[in-house]
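Trainee: how does the following fold in three dimensions:
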Amino acid sequence: MYKKIGIVAILFTVLLIVSFTSVNSNKTEQIPASARERKIQKEVLSQIVSFQEYVKDTLFIEVSKEKVDAHRVQQAFLKSRLLFKKFEWAAEYFTADLTKRLNGPPVQEIENADLLDPSLARAVDPMGLQVIEQFIYPKYDSAGKKVLISEVRHLITNTDYLISYFTDHQFADWRILDAAKLEVFRIIVLGITGFDNSLSLNSMKESSESLKSLRDILYLYISKKEKTTLLQDLNGSIAYLNHNPDFDSFDRATFITSFGNEISAGIAQLEQNLPGDKIKYNRMLRQEVRTLFDSDAFNVDAFSPGPEYRITGAKVGLGKRLFYDPLLSGTGTRSCASCHNPDLAFTDGMAKHTDVHVPSKLLTRNVPTLFNAALQSNYFYDMRALTLEDQVHDVISSKQEMDGSMDAILKYVSADKSYHSLFVTAFSEKTGKGISSDQVTNALACYIRSLTKLNSRFDKYMLGNRDALSKQELKGFNLFMGKAKCATCHFVPLFNGVTPPKYVESETEVLGVPVSLADSTLDSDLGYYNVIGVDSYKNAFKVPTIRNINKTAPYMHNGVYKTLDQVMEFYNNGGGAGLGINLSNQTLSEENLHLTEKEKEDIIAFMGSLESK
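Mentor: Numbering: from 1, shown residues only. Prediction:
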């Protein structure tokens, strides 16, 4: 292991690299855009071909030998991953679905999950480097040799599809820079956390390789006339990664604030300087952001049903009044705020709330926070609702939760002069035909969208306030992002399960949550399986945000854990497996994390810094 060294200790190395780069950049003017685009396209294609050739000529040969040398297999695998990282930025951006065949998560994925007919959904078996890793780490699995050979063969074949695509695909400058910035975000959020190399943990070297590839591309966009520190920042980040390769001790807070944010901001400036039109995507992470931690980085309307449903001040004001009105319920006694208390980060402090008609009867699941609820693509723990509007309608009409009638609600608000005036203001062009149920649910959804608050002390630290976090909280953050592997499910900066860097799809996890503290048998709630009907998703639940977690106890979908200490113990021991629950499809690692009591305290302290202001 190398001893971790700080930025000052590597300054001399960085200066040498920067000096070399600066000399070369002074000799080179920017090449014409079309030539630059072709040059980058050809380079990406060459890198993909080199990857395939190495996998075919080395990795495949090693795993196919009659007498396998485990060390040589591991080394060939690590080299294959490094070669993949060279073109990851382009493959993930232009061919995301194809790239899953090369480096997708080692769990079954669902196609057509968001269609209205769940019967059309189907499971797709995982394949690629992450699947292969499981056969050779932490040690070579001789019993799985045949499957391993087959997986490597699939890897070779699937690379053909990428070669075919990039042979003919024409690049555009604005897409290249957009992809490059997303790759920096991918490194910050996934690359340095062990997300896609959870067993080999060669994260720093792989991240370095990705940044080297980006440096070669971004160099082509910088002329000697431009004043930018982008190349210096890239060189500094590469040197920092190379000099601090140890996974557990790597200082992720320093890397992100001193290098990652500076690099993404530099790329954003290059994007801004590009002439010509650019296509605007409807992504939750705005295209124009400079860093992941910009105050307006995320678009709360990204998952709204359409343009006419977008948030306005008038809708928010109307929605807030509806939110606190108990007359929306069938009994006239329960409002949305009855279960979502602002003082408790819009939760209720209970394991499970009560039935609106039978106070002695409990609802099925714990009440989640509404803070930042807009920043996810599915709703409820079982992911059954696709929009906030769907979620609102479901809760109001639920016989157990509010038992409200939309017809009765429309009569009520239409007859109330003040309500009618608010609806006319919020939906001026449509209220001539009368108030509609869509307007009611949209107003409530817009109020929930207004509860997006990414303004915690953690956010202030990431934006440059080095006094915003204590030393203990910084230690906790680095553990959260590294040894504890929390960030491989609760992705920065939202700390929920919406997968970066495009932040489009919400993930589920199978943890093996018990019935109670006293009863360690598996909770019977099947979660997402009841929606999707795929066996591997039995007992799967959406990954919730951990922002404001100090106010949202108790925890888990069934509210089984009252304290964060209990939650940390559950994860530290390997989830359900650590409790003796035999759950073949558990996605949480069954391995003990070996966190000390002090480390668990540090992580809990860090999570406290995520409270919204």
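
Trainee: check which element follows the lowest-mean-pLDDT helix or strand in the chain along the chain.
Mentor: Averaged element by element with mean pLDDT, DSSP states H and E, the chain has its least confident helix or strand at helix 11-27 (a mean of 37). Note on helix 11-27: by DSSP states H and E, the next helix or strand toward the C-terminus is helix 33-54.

Trainee: buried ones in the next helix-or-strand element following that following helix?
Mentor: The C-terminal neighbour of helix 33-54 among helices and strands, as given by DSSP H and E, is helix 60-64. Along helix 60-64, these residues count as buried under the neighbour rule (16 or more other C-beta atoms under 10 Å): Phe60, Glu62, Val63. All C-beta atoms are positioned from the backbone trio N, CA, C, and that covers glycine.

Trainee: from those residues, which is closest to Asn282?
Mentor: Phe60 (41.2 Å; C-beta to C-beta).

Trainee: just give the number of residues close to the residue lying closest to the closest one once chain neighbours are set aside.
Mentor: Leaving aside its sequence neighbours, Phe60 sits nearest to Val152 (C-beta to C-beta, 6 or more residues apart in numbering; 5.0 Å). Neighbour count of Val152, defined by other C-beta atoms under 10 Å: 26.

Trainee: residues touching Val152, list them.
Mentor: The neighbourhood of Val152, defined by C-beta atoms under 8 Å, 6 or more residues apart in numbering, consists of Val55, Leu59, Phe60, Val63, Ile132.

Trainee: could you dump these into a markdown table and include distance to Lys320 and pLDDT?
Mentor: As requested, these are exported to a markdown table (distance: C-beta to C-beta, whole Å; pLDDT from 0 to 100):
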| residue | distance to Lys320 | pLDDT |
| --- | --- | --- |
| Val55 | 57 | 98 |
| Leu59 | 58 | 98 |
| Phe60 | 61 | 98 |
| Val63 | 60 | 98 |
| Ile132 | 52 | 98 |
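
Trainee: export those residues to a markdown table and tack on distance to Leu328?
Mentor: As requested, these are arranged in a markdown table below (distance: C-beta to C-beta, whole Å):
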| residue | distance to Leu328 |
| --- | --- |
| Val55 | 59 |
| Leu59 | 60 |
| Phe60 | 62 |
| Val63 | 61 |
| Ile132 | 53 |
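
Trainee: how about the helices in the stretch 151-300 of the chain?
Mentor: Remark: helices of the stretch 151-300 of the chain, listed N- to C-terminal, are 173-189, 203-218, 230-243, 252-255, 261-273; assignment by DSSP state H, counting those that start in this stretch.

Trainee: would you turn the ones you listed into TSV with mean neighbour count and distance to Ser436?
Mentor: Formatted as TSV, the entries for the helices of the stretch 151-300 of the chain read as follows, by neighbours: other C-beta atoms under 10 Å; distance: least, C-beta to C-beta, whole Å:
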stretch	mean neighbour count	distance to Ser436
helix 173-189	24	38
helix 203-218	22	49
helix 230-243	22	51
helix 252-255	20	48
helix 261-273	20	41
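
Trainee: and those helices: which comes nearest Leu451?
Mentor: Among the helices of the stretch 151-300 of the chain, helix 173-189 comes nearest to Leu451, with 23.2 Å by C-beta to C-beta.

Trainee: just the CA atoms of the closest one, as PDB, please.
Mentor: Coordinates of each C-alpha in helix 173-189 appear next as PDB, following Å, rounded to 0.1, in the frame of the first residue of the first chain:
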ATOM      1  CA  ASP A 173     -18.500  19.300 -30.200                       C
ATOM      2  CA  TRP A 174     -21.300  20.200 -27.800                       C
ATOM      3  CA  ARG A 175     -22.100  16.600 -27.200                       C
ATOM      4  CA  ILE A 176     -18.400  15.700 -26.700                       C
ATOM      5  CA  LEU A 177     -18.100  18.400 -24.000                       C
ATOM      6  CA  ASP A 178     -21.400  17.400 -22.400                       C
ATOM      7  CA  ALA A 179     -20.200  13.800 -22.300                       C
ATOM      8  CA  ALA A 180     -16.900  14.900 -20.800                       C
ATOM      9  CA  LYS A 181     -18.500  16.800 -18.000                       C
ATOM     10  CA  LEU A 182     -20.800  13.900 -17.200                       C
ATOM     11  CA  GLU A 183     -17.800  11.600 -17.000                       C
ATOM     12  CA  VAL A 184     -16.300  13.900 -14.400                       C
ATOM     13  CA  PHE A 185     -19.500  13.700 -12.500                       C
ATOM     14  CA  ARG A 186     -19.500   9.900 -12.900                       C
ATOM     15  CA  ILE A 187     -16.000   9.800 -11.400                       C
ATOM     16  CA  ILE A 188     -17.000  12.000  -8.400                       C
ATOM     17  CA  VAL A 189     -20.100  10.000  -7.700                       C
END
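
Trainee: and the angle for that helix with helix 230-243?
Mentor: Put simply, helix 173-189 runs at 30 degrees to helix 230-243, going by axes from the mean of the first three to the mean of the last three C-alpha atoms, to 10 degrees.

Trainee: which residues are in contact with helix 173-189?
Mentor: Applying C-beta under 8 Å, 6+ apart, the set of residues contacting helix 173-189 is 33, 36-37, 40, 88-90, 92-94, 195, 207, 210-211, 214, 217-218, 221, 255-256, 260, 263-264, 267-268, 270-271, 274, 276, 278-279, 285, 287, 292, 487, 491-492, 500-502.

Trainee: please redo it, this time with the cut-off set to 7 Å
Mentor: 33, 36-37, 40, 88-90, 92-93, 207, 210-211, 214, 217-218, 256, 260, 263-264, 267-268, 270-271, 274, 278, 287, 292, 491-492, 500-502 (C-beta atoms under 7 Å, 6 or more residues apart in numbering).

Trainee: so for that helix, mean pLDDT?
Mentor: For helix 173-189, mean pLDDT is 98.

Trainee: ok and it relative to helix 203-218, angle-wise?
Mentor: Here the directions of helix 173-189 and helix 203-218 differ by 160 degrees (the same axes, to 10 degrees).

Trainee: give me the distance from helix 173-189 to the chain's centre.
Mentor: In terms of C-alpha atoms, centre = their mean, to the nearest Å, the centre of helix 173-189 is found 15 Å from the chain centre.

Trainee: what's the answer for stretch 390-403, then?
Mentor: Averaging C-alpha coordinates over stretch 390-403 and over its chain gives two centres that are 28 Å apart (C-alpha atoms, centre = their mean).

Trainee: list the contacts of Pro32.
Mentor: Applying C-beta under 7 Å, 6+ apart to Pro32 gives no contacts.

Trainee: what about it, distance to Leu595?
Mentor: Summarising the geometry, the distance separating Pro32 from Leu595, computed by C-beta to C-beta, to the nearest Å, is 54 Å.

Trainee: break the chain into its domains for me.
Mentor: The chain breaks down into these domains under automatic domain parsing: 1-30+172-279, 45-170, 307-449, 457-608.

Trainee: rank those by mean pLDDT and give me the bottom one.
Mentor: If you rank the domains of the chain by mean pLDDT, domain 1-30+172-279 sits at the bottom with a mean of 83.

Trainee: distance between that one and the chain's centre?
Mentor: How far domain 1-30+172-279 lies from its chain's middle: 21 Å, per C-alpha atoms, centre = their mean.

Trainee: give me the most central residue, the chain.
Mentor: With distances taken as C-alpha atoms, centre = their mean, the residue of the chain nearest its centroid is Thr499 (2.8 Å).

Trainee: wait, what's in contact with it?
Mentor: The contact partners of Thr499, taken as C-beta under 7 Å, 6+ apart, are Phe491, Glu505, Glu507.

Trainee: switch to 10 Å and redo it
Mentor: The neighbourhood of Thr499, defined by C-beta atoms under 10 Å, 6 or more residues apart in numbering, consists of Pro105, Val189, Leu190, Phe195, Ser377, Phe491, Glu505, Ser506, Glu507, Val543.

Trainee: go on, Leu526?
Mentor: Asp382, Gly533, Tyr537, Lys538, Asn539, Ala540, Phe541.

Trainee: among the contacts of Thr499, which ones are in helices?
Mentor: When the contacts of Thr499 are checked against helices using DSSP state H, the ones located there are Val189.
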